[in-house]
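A.B. asks: Pasted the sequence and its predicted model underneath.
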Amino acid sequence: MKASTHTEVYRPFEGQLLARPMRPAVLAWSGIRLGFRKKLPAFLLFTPPTVNALAYAVMVYLRYSMAEQVGSEGGFQAIQAQSALKELLGDVARNVAQFAEMSAFFALLAMTWFGAGMIADDRRIGANLLYFSRPVTRITYIAGKWLGVAFFGVVTLLAPAVLILLTATLASPDWSFLREEGAVIPQTFTYAAAWIAVVSTLVLGLSSLVQRRSVALVLSFGSVMVLHGLAEGAAEIFELPQLRALSLFNDFSALAAGLFGHRDLNPEHDVLLLGLVAWTLVPALLLWRQVRKMEVVG
Amino acid sequence: MSAEPEHAPSAEAAFLEKDEVRPIIEARGLGRWYGEVVGLSDLTVTIPPGITGLVGPNGAGKSTFMKCVVGELRPQRGGLRVLGQDPFANRALYSEMGFCPQQDALYDQLTAHQFVEHLLRIGGARRGDARVRAEEALQRVHLEEAMHRRCGTFSKGMRQRVRIAQAIAHSPRFIVLDEPLTGLDPVARHQMRTLFTELADQGASLLISSHVLHELQGLTERIVLVHRGRLLAQGSVREIRDLLSQHPRRIRIRADRVRPLALALSTEADVRSARWLDEESVLFETTDPTAFLARLEQLVPATSPGLQSLELDDEDLEAVFDYLVA
Amino acid sequence: MDPGAPLIQATGLHKRYGDVHALRGLELQVPHGTVGLLGPNGAGKTTLLKLLLGLLEPDEGTATVVGLDPRRRADRLTIRTKVGYMPEGDCLLPETTGVELVATLGRLTGLSRADAMTRAHEVLDYCQLEEARYRPVQGYSTGMKQRLKLAQALVHDPDLVLLDEPTNGLDPKGRRQMLDLVADLGRNQGKTVLLCTHLLPDVERTCDHVVLLQTGAVRLTGAVAELTGADALRVDVTTQGLTEVSPEALDEALKKAGVALETREGERLRVALPADSSSADALFSVAMSAGFRIEGLAPLKASLEQVFLETVAQTEGAA
């Protein structure tokens, strides 16, 4: 063996940079890890949607297994019992739709809580300089942050919905769920994805406006709740049902009604869907403008 | 608290007369904690009139001491007299003292001039007087062109100048400046240092803290060094260095024919080490610099070594600071 | 790219923001090694930094950074993989740990997961952040935060390192640690370091070259040693016992040796040696006959501060 010493502390990097380093994913993951650093908020925000999802899954499972038991006895009584059961528990598709709309609120809570600081904190301490002095473009940055917020929506809304859909698929006899009510699967995905996308954009847009996480939190949660109240009130007072389109909840009710087709709406879909477009576009434009400012070294 | 007589006119006059020789600050066993975090633990120091530099590592208690001195904080133990009075919440003393804090606290919606004028008015100046004085102070910090712009539009350096201006606007006798040169560019640093010297020449006393020891060195000989909330050393750098006899002095010599000189100098036991820095310079460590220099004085005329420079390497504040703190 | 070529070259750079003319025909060649970038506030340093990071394109003129052209779209992001930037502000999220931050930023530059981890630990070792690297940043001292910011600028082993006020807020010990690292990067690790600072003593201590910017153009550039060039014939003398010496006695002793007195103050003298002398030996006989002791001798040197202030005043006078 030839003797050698290697005392240098600083070493040059001999390797290669990756051609496709998936920068948005890296950025998102670092945001998500920071979110989980505090255990109590994570526990408080994830427990209700989890419990809720389990309850619905059990309900769907019971519906199929009881229907099978009752159905196996045959005869008029069985048919009567089956329809009674259906009345009590509802269609599985209806259950899923109901669940999605309910979980949307949990997702709103989680996304505002974890997403409020994502850009506001960067702005307050100037962390954007560390990102934009690297090969990170404005689009990469926004995509990374957006994926980070969306993750919390996926965990609280989309993942539980998938759990219930899976339960229904596996518990139904002869894949009857897929055959008879399978349309609800793409409907649920569309609904959840739209909600996650709109709320993520909203939270980030407002987070980019301010320099404090707490302010961003109040702004994003508050704007949804306050505008809902205002919209409802104003629609009553001025007898203009179109004003209800100001509320994000109402807009999504319209989307849900359109997708799942289970509810009557006042006013018509068009106005409400227009409201939805506004809820997406305004924060998106804010976000673009603010991040453009952050890109420049100050 | 000592039972001084309430200010009878005669006592007042005697007080003012004595003030000429009185120290600006007398602190005895000063302590101040923030919860369990120590700010000052047991600081005893007497600071005479003139410019004094306050030095210490981060968290040594410099800012806490300054806040106690200007009466913003009340020490939790010990006694403190500033200009002969207890400074805490002492309104009479406020008009004689100026304070430039480290915190960046300006009203962004006011112009620099309005801000300084406003503070002067709070301090009790009449309207016309305040306007003129604010203008003068802002001119002295070289903000004459920007003084009617809102502070919100100012750069870091300009904001620092406004803070200095408000500290000197009411012509105080004693000015406390906490890191006054931070954020300033070299031109501004030079201007402010000139201003501080001017103020001192006009009879004001200044207490200036700084991390950039080199900068204090040009302003004043008198340094107060605090560490762990206590007084670590005071005096001129040279005096302090002379007290640190356990550290051998380093002497660097550069000469055209340095080898024979170095050998001749190293014959006595006071030379602990000699290290060649390059072909022309040697760094000696000696425990007895006086004897060393005496030998050099004999050797140079006798051997003509072609001496280029002679430096007592560590007679600057930074080296002394390291010896004391390490 | 030719390894000897300067990492930054600029000719006739102009940049305007609305009415503000931030760069006015900037000409610059930054040599290898540690270079101090100086200038009063508003001189155009920030604009130059943005340009070097590929965040800005010049309006006029050409520039190459690490051999690439920031005006070409494809080059702009590549420039940022070869440049490391240490910003002035805080920049560190209080909850992140040191390793996490450096590794994440390494991956954002394009390092693989394994490379990012290896490099993160190596540069943290280099910056002397020992077990603190596993703790959240909120517990760090100012010195540790600054060194962490330096570490993240080095994680991808850039050729060019831009340091914006790296010694801000540091106490003397922290400042020396940082300056030692800065000097080592330029002198031993083969990096080109551009050090932006208002603290001229820091520049004198670490930099081989300086570039002085004012009103959007380079006003002065050169080697520190040359700019502060010593005048061997004029000497500052520190003494002991000079205060006891009468002016006449001093005059007589000086005259005998042919030395001219420039200033005398307390224990300090400034003298001019005779034009034909090659050393300061003669001063010792002066000291002996006048009766004081010499404690220090230094050829008169301009401080960088003097050079800076004179240059700035000249430009302002010309304007």
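C.D. replies: Done, it's in.
A.B. asks: Strands of the stretch 1-150 of chain B, residue ranges please.
C.D. replies: For the stretch 1-150 of chain B, the strands defined by DSSP state E, counting those that start in this stretch occupy B:25-34, B:37-47, B:51-55, B:77-82, B:97-100.
A.B. asks: so can I have a markdown table of those strands showing mean neighbour count and distance to C:Q9?
C.D. replies: Quick note: C-beta positions are derived from backbone N, CA and C, even for glycine. A markdown table is the format used below for the strands of the stretch 1-150 of chain B (neighbours: other Cβ atoms under 10 Å in any protein chain shown; distance: least, Cβ to Cβ, whole Å):
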| stretch | mean neighbour count | distance to C:Q9 |
| --- | --- | --- |
| strand B:25-34 | 18 | 52 |
| strand B:37-47 | 18 | 51 |
| strand B:51-55 | 24 | 43 |
| strand B:77-82 | 18 | 58 |
| strand B:97-100 | 23 | 43 |
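A.B. asks: export those to TSV and tack on mean pLDDT and distance to C:V271?
C.D. replies: Output for the strands of the stretch 1-150 of chain B, formatted as TSV (pLDDT from 0 to 100; distance: least, Cβ to Cβ, whole Å):
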stretch	mean pLDDT	distance to C:V271
strand B:25-34	93	40
strand B:37-47	92	36
strand B:51-55	93	29
strand B:77-82	93	44
strand B:97-100	94	40
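A.B. asks: I'd like the ones you listed laid out as CSV, including distance to chain C.
C.D. replies: Formatted as CSV, these follow (distance: least, Cβ to the nearest Cβ, whole Å):
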stretch, distance to chain C
strand B:25-34, 17
strand B:37-47, 13
strand B:51-55, 8
strand B:77-82, 25
strand B:97-100, 17
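A.B. asks: How about the host helix or strand of A:F105 and chain C, any contact?
C.D. replies: A:F105 belongs to helix A:92-115 when assigned by DSSP states H and E. No. Helix A:92-115 lies out of reach of chain C by Cβ under 8 Å from any Cβ of the partner chain, never closer than 12.6 Å.
A.B. asks: Kindly provide the whole-number mean pLDDT of that helix.
C.D. replies: For helix A:92-115, mean pLDDT is 90.
A.B. asks: so how far is that helix from its chain's centroid?
C.D. replies: Helix A:92-115 has its C-alpha centroid displaced from the chain centroid by 7 Å (Cα atoms, centre = their mean, to the nearest Å).
A.B. asks: again, but for stretch A:165-184
C.D. replies: 24 Å.
A.B. asks: try stretch B:290-303
C.D. replies: From the chain centre to the centre of stretch B:290-303 is a distance of 37 Å (Cα atoms, centre = their mean).
A.B. asks: which residues sit against the helix or strand bottoming out on mean pLDDT in chain C?
C.D. replies: When each helix and strand of chain C is scored by mean pLDDT, DSSP states H and E, strand C:230-240 comes last, with a mean of 83. For strand C:230-240, contacts defined as Cβ atoms under 8 Å, 6 or more residues apart in numbering or on different chains pick out B:308, B:312, C:262, C:267-273, C:275, C:277, C:280, C:283, C:287, C:292-301.
A.B. asks: Can you mark which positions in that strand are buried?
C.D. replies: C:L233, C:V235, C:D236, C:V237, C:T238, C:T239 (16 or more other Cβ atoms under 10 Å in any protein chain shown).
A.B. asks: Describe which strands it pairs with in its sheet and in which direction.
C.D. replies: strand C:268-272 (antiparallel), strand C:293-301 (antiparallel) (DSSP bridges).
A.B. asks: Of these, which is nearest A:W146?
C.D. replies: strand C:293-301 (57.2 Å; Cβ to Cβ).
A.B. asks: Next SSE downstream of that closest one?
C.D. replies: In N-to-C order, the element after strand C:293-301 by DSSP H and E is helix C:304-318.
A.B. asks: C:G216 against C:L23, yeah?
C.D. replies: Yes. The pair C:G216 / C:L23 is scored as a contact, 4.5 Å apart, by Cβ atoms under 8 Å.
A.B. asks: Spit out the contact partners of C:L212.
C.D. replies: Counting by Cβ under 8 Å, 6+ apart, C:L212 makes contact with C:L38, C:G39, C:V218, C:R219, C:L220, C:T221, C:F308, C:T311, C:V312.
A.B. asks: please redo it, this time with the cut-off set to 7 Å
C.D. replies: C:L38, C:G39, C:R219, C:L220, C:T221, C:F308, C:T311 (Cβ atoms under 7 Å, 6 or more residues apart in numbering or on different chains).
A.B. asks: same check, this time on C:L300
C.D. replies: Applying Cβ under 7 Å, 6+ apart, the residues contacting C:L300 are C:A230, C:D231, C:R234, C:V235, C:D236, C:R270.
A.B. asks: Closest one of these to A:F260?
C.D. replies: Of all the contacts of C:L300, C:A230 has the smallest distance to A:F260: 86.1 Å, by Cβ to Cβ.
A.B. asks: Before we move on, what's the pLDDT of residue 268?
C.D. replies: I'll assume chain A. Confidence at A:E268, expressed as pLDDT, is 66.
A.B. asks: nope, chain B please
C.D. replies: At B:E268, the pLDDT value in this model is 87.
A.B. asks: Tell me the spacing between the residue lying closest to C:R268 once chain neighbours are set aside and C:L105.
C.D. replies: What sits nearest to C:R268 in space, not counting adjacent residues and going by Cβ to Cβ, 6 or more residues apart in numbering or on different chains, is C:T238, at 6.0 Å. Separation of C:T238 from C:L105 (Cβ to Cβ, to the nearest Å): 49 Å.
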